[in-house]
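**Q** The sequence isn't on hand, but the structure is:
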């Protein structure tokens, strides 16, 4: 019996195989492979958190775009590409919903701080200009 790849003119060789991230990394565990990929995924996650926190509330258009892209990535449940947020979390053994909640809580606190009125700043002890410290003035 002929190999199916030969029977269809070799087209089967070029058919894409779909592989979930967990399947990919499970096959490479214990073989010294996969650690680089895990480190890359961790770096992507760290960069997204950094962009989200660093540029929240910025007026700079590039910063606003980085912040909104990171937030969109966090909130997406898309699993169709290897480096999606949920796939990265799965490979790293993290809970995506827990991270999302933490980031949203942080964002809420930051926005509340930015919108709350600032208390007046105390100038310290009142002294007449030019007077030395410790000098008493008779009333």
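**A** Right, received. Where do you want to start? All of these numbers come straight from a predicted model, not from anything done at the bench. Numbering: from 1, shown residues only.

**Q** Check the gap between the residue lying closest to residue 69 once chain neighbours are set aside and residue 72 for me.
**A** In space, residue 69 comes closest to residue 51 once its chain neighbours are excluded; the distance is 7.4 Å by C-beta to C-beta, 6 or more residues apart in numbering. No exception for glycine: its C-beta is placed from N, CA and C like everyone else's. Plainly put, residue 51 is 11 Å away from residue 72 if you go by C-beta to C-beta, to the nearest Å.

**Q** Looking at the two, which one has more neighbours?
**A** The residue with more neighbours, out of residue 51 and residue 72, is residue 51; 19 against 11, by other C-beta atoms under 10 Å.

**Q** Mind telling me what element the more buried one is part of?
**A** Taking DSSP states H and E as the criterion, residue 51 maps to helix 35-54.

**Q** average pLDDT for that helix?
**A** Averaged over helix 35-54, pLDDT sits at 94.

**Q** now the angle from the next helix or strand after it to helix 35-54?
**A** Sequence order places helix 61-75 as the next helix or strand after helix 35-54, per DSSP H and E. Angle of helix 61-75 versus helix 35-54, following axes from the mean of the first three to the mean of the last three C-alpha atoms, to 10 degrees, is 120 degrees.

**Q** pLDDT averaged over helix 61-75 - what is it?
**A** Computed over helix 61-75, the mean pLDDT rounds to 96.

**Q** Leaving out chain neighbours, which residue sits closest to residue 96?
**A** Using C-beta to C-beta, 6+ apart and skipping the chain neighbours, the partner closest in space to residue 96 is residue 89 (4.3 Å).

**Q** Any buried residues in stretch 100-113, and which?
**A** Using 16 or more other C-beta atoms under 10 Å as the burial criterion, the residues of stretch 100-113 that qualify are 103, 107.
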